[in-house]
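J.: quick check, what structure comes out for this input:
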Amino acid sequence: MAEMRFDHWPQGKPRIVGYDAKWDEDSTGWHGTVRAFGVETEEPRLAEALKTSCERVWDLFGLSGFARVDFRVDSEGTPLILEINTNPCISPDAGFAAAAAAAGMSYEALIEAIVEAA
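T.: Predicted coordinates for the structure are as follows:
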């Protein structure tokens, strides 16, 4: 599970991974949004809640192939679904590929799994 952290984020700036964070290498957003892994070991209850929510969304919407579910976690630790992305970017430097790599899956194996699921 990937988490976007907002390191050294300007006070008052909304914590959103917007255009600047994705495409403007000179921006505060680019440098301030950091992809992190480890929620499964750092917060296992939260990780289980996220996993359960993903599985429920998958079934509820009849998803197939591949998808990404984005969450916000409130101050109480409750996950809230932000969006269901049924066509996440699969470029080698994107978050989906990074999550696969963190799970021990090579980029080639990821693409092969997507093609086989189609």
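
J.: can we go C-alpha only for contacts and neighbour counts from here?
T.: Will do.

J.: reduced to three states, what does residue 13 come out as?
T.: coil (DSSP: H, G, I helix; E, B strand; the rest coil).

J.: so is residue 82 in a helix, a strand, or just coil?
T.: Applying three-state DSSP: residue 82 is strand.

J.: helix, strand or coil: sort out the nearest residue to it once chain neighbours are set aside for me.
T.: Nearest non-adjacent residue to residue 82, counting by C-alpha to C-alpha, 6 or more residues apart in numbering: residue 71, 4.9 Å away. Counting by three-state DSSP, the backbone at residue 71 sits in strand.

J.: so residue 71 makes contact with residue 85?
T.: No: using C-alpha atoms under 8 Å, residue 71 makes no contact with residue 85, being 11.1 Å away.

J.: so residue 65 touches residue 114, yeah?
T.: Yes: with contact defined as C-alpha under 8 Å, residue 65 counts as touching residue 114 (6.2 Å).

J.: which residue ranges form the helices in this structure?
T.: Along the chain, counting by DSSP state H, helices occupy 19-23, 28-32, 39-42, 44-60, 95-102, 107-117.

J.: out of those helices, which is closest to residue 2?
T.: helix 95-102 (6.1 Å; C-alpha to C-alpha).

J.: so which of residue 71 and residue 85 has more stuff around it?
T.: Between residue 71 and residue 85, counted using other C-alpha atoms under 10 Å, residue 71 has the larger neighbour count: 17 against 12.

J.: ok, what's across the strand from that one?
T.: Note on residue 71: beta-bridge partners residue 81, judged by DSSP bridges.

J.: got a pLDDT number for it?
T.: The model reports residue 71 with a pLDDT of 96.

J.: wait, what's in contact with residue 30?
T.: 20-24 (C-alpha atoms under 8 Å, 6 or more residues apart in numbering).

J.: who wins for most neighbours among these?
T.: residue 21 (18 neighbours).

J.: show me what contacts it?
T.: For residue 21, the contact set (C-alpha under 8 Å, 6+ apart) comprises 27-33.

J.: I'm done for today, thanks for sticking with me.
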